[in-house]
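Visitor: just need the structure, nothing else, for what follows:
(2 chains)
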Number of protein chains: 2
Amino acid sequence: MSKIRIGIVGYGNLGRGVELAVRQTPDIELTAVFTRRDPSSLKILTEGVGVYSVDDVASHKDDIDVLILCGGSATDLPVQGPKYAEMFNTIDSFDTHAKIPTYFADVDAAAKKGGNVSVISVGWDPGMFSVQRLYGSCILPEGKDYTFWGKGVSQGHSDAIRRVEGVADGKQYTIPVEAAMEAVRNGEDPELTTRQKHLRECFVVAKEGADKAKIEQEIKNMPNYFADYDTTVHFISQEELDRDHSGIPHGGFVFRTGKTGVNGETRHVIEYSLKLGSNPEFTSSILVAYARAAYKLSKEGAVGAKTVFDIAPAYLSPKSGDELRASML
Amino acid sequence: MSKIRIGIVGYGNLGRGVELAVRQTPDIELTAVFTRRDPSSLKILTEGVGVYSVDDVASHKDDIDVLILCGGSATDLPVQGPKYAEMFNTIDSFDTHAKIPTYFADVDAAAKKGGNVSVISVGWDPGMFSVQRLYGSCILPEGKDYTFWGKGVSQGHSDAIRRVEGVADGKQYTIPVEAAMEAVRNGEDPELTTRQKHLRECFVVAKEGADKAKIEQEIKNMPNYFADYDTTVHFISQEELDRDHSGIPHGGFVFRTGKTGVNGETRHVIEYSLKLGSNPEFTSSILVAYARAAYKLSKEGAVGAKTVFDIAPAYLSPKSGDELRASML
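Guide: Numbers count the residues shown, from 1 in each chain, chains lettered A, B, ... in the order given. As a prediction, the model looks like this:
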């Protein structure tokens, strides 16, 4: 049997993660990597796989079954998503929640025009967390949802720290408040403010001679990013930052708590949690599983944009229905 | 819009749970309850809903969109599943794991013959736990699965206790071993024996004058049910049993632990857990959500047997794709 041929657009953390995830599959192979950098400057892990300019994607139309878009949601995907959906089956991890309906419509129109399947917003949030929220709300219609993130590195908040005057480098961890999660687990249905749900912990390398007290105040009072949270700031050396904080761990929790019975007297708690050694490597593994699904759906004649909500779990697996029922049900 | 019309076959704990779950939905209504008992003797909760003999199911073919089969897996469903799949869209909770492939084939043939959709083995295990195992194994192909059950009442083990000579009544709780789960959470990939995964705790009412030491030994040494476990036996009065152990709580945990990276150096842990105030009420809530899915699939022209693996999450929801993407992704 021939393997499903994957192309990667963008070779950052996510693209490298896709390359690694493909190596764990029996039925998928990497065919090409497309980059904005000079292709000859890019050394990838997999022998014998071509590296091309992102300008040449279209010429590989016949060599690729599914194109995995590994760019960012702010500027890359709004352009790349619709553009490539017209040429290829695609997978992306578009995660700007507020813009998902518009993005879905744009990709859907392009994918239908090209006769392709494009799965958008794949990853763990949006993605697996969304799936859990959906199952939970359908099973326990009279209930509440809670999502907590962390402990993990937030790239957006780390970037925000690094923009503060006097800061040479920095990393920010989002940490869920254990007491809030315990209240949810105990079925207390708490109403939680932003501050009650998450803590923010910052590790900051100050430039020589910088005013640390001023940096700390500026971080803690930064609107949207930190002002609504209890934030701690630790000043450390660049060596310490590199040694102790170079990873990209993340994770989180999705709860659905609900009631059943004649008068809602019976309580249930559903809890889903992730502890991820590497956020991009885990996200990439999900992208690759959904690439398999997109390929199968396309073979069946499906077209248009899809999300994780629209795809039956069996499509993610290399196993047959018989095998799955016998071994995993 | 007309509601999805549900019929219930069998009015035990599960059937009553379905009746309660339907009341929490905006788009589903209960139309009929079928029982093996004398219908005139059965008092149900919902006003204006007919109670009929199970012998009359066929005559209600035009009044019911989905029939939910609430019988047991040992003797009821192997007969009822194929029989009713030929006449109705059906949902059942067939849970004899070893016999699922045969049962699926039987129901599939009948459903195709009748042009219906039949979703088998719906519940939480098989069911939501199976879905979690499937997602986990597809996302982290190089990894391990762990399923723990409890703390909760096992009907099978409670029945086994009550068959012991000298026992008037009894309840058995299956309890997951916390240390084993911690080892899994810590990424230790433990190899666990049956004894290391679960404890069994029994609450027993002895008949007057019965030899309690003999009862305890007989329970603890019972093959299959207790001999492979660390089992504790507590003798209590019937009053205590009725007061403290009349509920049917249950729950459990599904873990997927896996590795990614160049040399498997990155570790991830996915954990899904349920804490259920009532096993049958939670199971019934899942059956009702999948009844909605069966109805939608049937309207789209699908036929044949399905499992939770074959059904996209969006089918479980009363909300539209637009609503789901805007609010839950």
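Visitor: going by C-alpha atoms from here, please, whenever you check contacts or count neighbours.
Guide: Will do.
Visitor: and the gap between residue A:143 and residue A:129?
Guide: Separation of residue A:143 from residue A:129 (C-alpha to C-alpha, to the nearest Å): 17 Å.
Visitor: more crowded one of those two?
Guide: Taking other C-alpha atoms under 10 Å in any protein chain shown, residue A:143 and residue A:129 do not tie; residue A:129 has more neighbours (22 against 18).
Visitor: name the helix or strand for the more buried one, please.
Guide: Element membership of residue A:129 [criterion: DSSP states H and E] is helix A:128-139.
Visitor: beyond that helix, next helix or strand please.
Guide: Later in the chain than helix A:128-139, the nearest helix or strand by DSSP H and E is strand A:143-149.
Visitor: what segments of the stretch 51-200 of chain A are helices?
Guide: A:76-85, A:100-114, A:128-139, A:155-162, A:178-185, A:194-197 (DSSP state H, counting those that start in this stretch).
Visitor: would you turn the ones you listed into TSV with mean pLDDT and distance to residue B:167?
Guide: Converted to TSV, those look like this (pLDDT from 0 to 100; distance: least, C-alpha to C-alpha, whole Å):
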stretch	mean pLDDT	distance to residue B:167
helix A:76-85	97	67
helix A:100-114	98	61
helix A:128-139	98	38
helix A:155-162	94	62
helix A:178-185	97	36
helix A:194-197	96	50
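Visitor: of those helices, which is nearest chain B?
Guide: Closest to chain B of the helices of the stretch 51-200 of chain A is helix A:128-139 (C-alpha to the nearest C-alpha; 4.9 Å).
Visitor: the closest one versus helix B:128-139: what angle between them?
Guide: Comparing the axes of helix A:128-139 and helix B:128-139 via axes from the mean of the first three to the mean of the last three C-alpha atoms, to 10 degrees yields an angle of 170 degrees.
Visitor: now do helix A:128-139 against strand A:143-149, angle only.
Guide: Orientation check (the same axes, to 10 degrees): helix A:128-139 against strand A:143-149 gives 170 degrees.
Visitor: C-alpha coordinates for stretch A:217-227, CSV please?
Guide: This file holds the C-alpha atoms of stretch A:217-227, laid out as CSV (Å, rounded to 0.1, in the frame of the first residue of the first chain):
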residue,chain,number,x,y,z
GLN,A,217,6.0,47.0,38.1
GLU,A,218,5.7,47.4,34.4
ILE,A,219,5.2,43.7,33.9
LYS,A,220,2.7,43.3,36.7
ASN,A,221,0.6,46.2,35.6
MET,A,222,0.6,45.4,31.9
PRO,A,223,-3.1,45.5,30.7
ASN,A,224,-4.6,42.3,29.2
TYR,A,225,-1.5,40.3,29.8
PHE,A,226,-0.8,40.6,33.5
ALA,A,227,-2.8,43.2,35.3
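Visitor: buried set for that stretch?
Guide: A:218, A:219, A:220, A:225, A:226 (16 or more other C-alpha atoms under 10 Å in any protein chain shown).
Visitor: burial of the closest residue to residue A:192 other than its chain neighbours, as a residue count?
Guide: Once flanking residues are discounted, residue A:192 sits nearest to residue A:180: 7.6 Å by C-alpha to C-alpha, 6 or more residues apart in numbering or on different chains. Neighbour count for residue A:180, taken as other C-alpha under 10 Å: 18.
Visitor: wait, residue A:180 sits on residue A:197?
Guide: Yes - if you go by C-alpha atoms under 8 Å, residue A:180 and residue A:197 touch, sitting 6.2 Å apart.
Visitor: residue contacts, the nearest residue to residue A:146 once chain neighbours are set aside?
Guide: Closest residue to residue A:146 apart from its sequence neighbours, by C-alpha to C-alpha, 6+ apart: residue A:255 at 5.0 Å. Residues near residue A:255 by C-alpha atoms under 8 Å, 6 or more residues apart in numbering or on different chains: A:133, A:144, A:145, A:146, A:147, A:184, A:269, A:270, A:271, A:272.
Visitor: circling back: for the helix holding residue A:129, packing partners?
Guide: Applying 3 or more C-alpha pairs under 8 Å, 6 or more residues apart in numbering or on different chains; DSSP states H and E, we find helix A:128-139 packed against strand A:143-149, strand A:250-260, helix B:279-299.
Visitor: pLDDT averaged over the shortest one, what's the number?
Guide: If I follow you right, that is strand A:143-149. Throughout strand A:143-149, pLDDT has a mean value of 97.
Visitor: partners of that strand in the sheet?
Guide: strand A:250-260 (antiparallel) (DSSP bridges).
Visitor: mind putting the contacts of residue A:255 into TSV with neighbour count?
Guide: Below are the contacts of residue A:255 laid out as TSV (neighbours: other C-alpha atoms under 10 Å in any protein chain shown):
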residue	neighbour count
A:133	22
A:144	19
A:145	17
A:146	18
A:147	19
A:184	22
A:269	23
A:270	24
A:271	21
A:272	23
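Visitor: kindly report the residues of the stretch 1-150 of chain A close to chain B.
Guide: Within reach of chain B by C-alpha under 8 Å from any C-alpha of the partner chain, the stretch 1-150 of chain A has these residues: A:17, A:20-21, A:24-25, A:97-98, A:100-101, A:125-127, A:130-131, A:133-135, A:138-142.
Visitor: which one in chain A is furthest away from the centre?
Guide: For chain A, the largest distance from the centre (C-alpha atoms, centre = their mean) belongs to residue A:262, which lies 39.8 Å off.
Visitor: and among the helices of the stretch 51-200 of chain A, the most buried is which?
Guide: Highest mean neighbour count among the helices of the stretch 51-200 of chain A (mean count of other C-alpha atoms under 10 Å in any protein chain shown): helix A:128-139, with a mean of 23.
Visitor: identify the residues contacting that helix?
Guide: Outside of helix A:128-139, the residues within contact range by C-alpha under 8 Å, 6+ apart are A:122, A:124, A:143-145, A:254-256, A:270, A:272, A:308-309, B:282, B:285-286, B:289, B:313-314, B:316-317, B:328-329.
Visitor: stretch A:28-42 too?
Guide: A:3-11, A:19, A:22-23, A:49-54, A:56-57, A:63-64, A:292.
Visitor: buried subset of those?
Guide: A:4-11, A:19, A:22-23, A:51-54, A:57, A:64, A:292.
Visitor: the nearest residue to residue A:142 once chain neighbours are set aside pairs with what?
Guide: Leaving aside its sequence neighbours, residue A:142 sits nearest to residue A:258 (C-alpha to C-alpha, 6+ apart; 5.6 Å). Under DSSP bridges, the beta-bridge partners of residue A:258 are residue A:143, residue A:268.
Visitor: from memory residue A:258 sits against residue A:146, does it?
Guide: No - using C-alpha under 8 Å as the test, residue A:258 is too far from residue A:146 to be in contact (11.5 Å).
Visitor: which non-adjacent residue is nearest residue A:322?
Guide: residue B:101 is the one closest to residue A:322 (C-alpha to C-alpha, 6+ apart), at 7.3 Å.
Visitor: now residue A:222: phi and psi?
Guide: phi -70, psi 120 (degrees, to the nearest 10).
Visitor: can you give me the pLDDT of it?
Guide: The model reports residue A:222 with a pLDDT of 96.
Visitor: kindly report the same for residue A:97.
Guide: Note for residue A:97: predicted pLDDT of 89.
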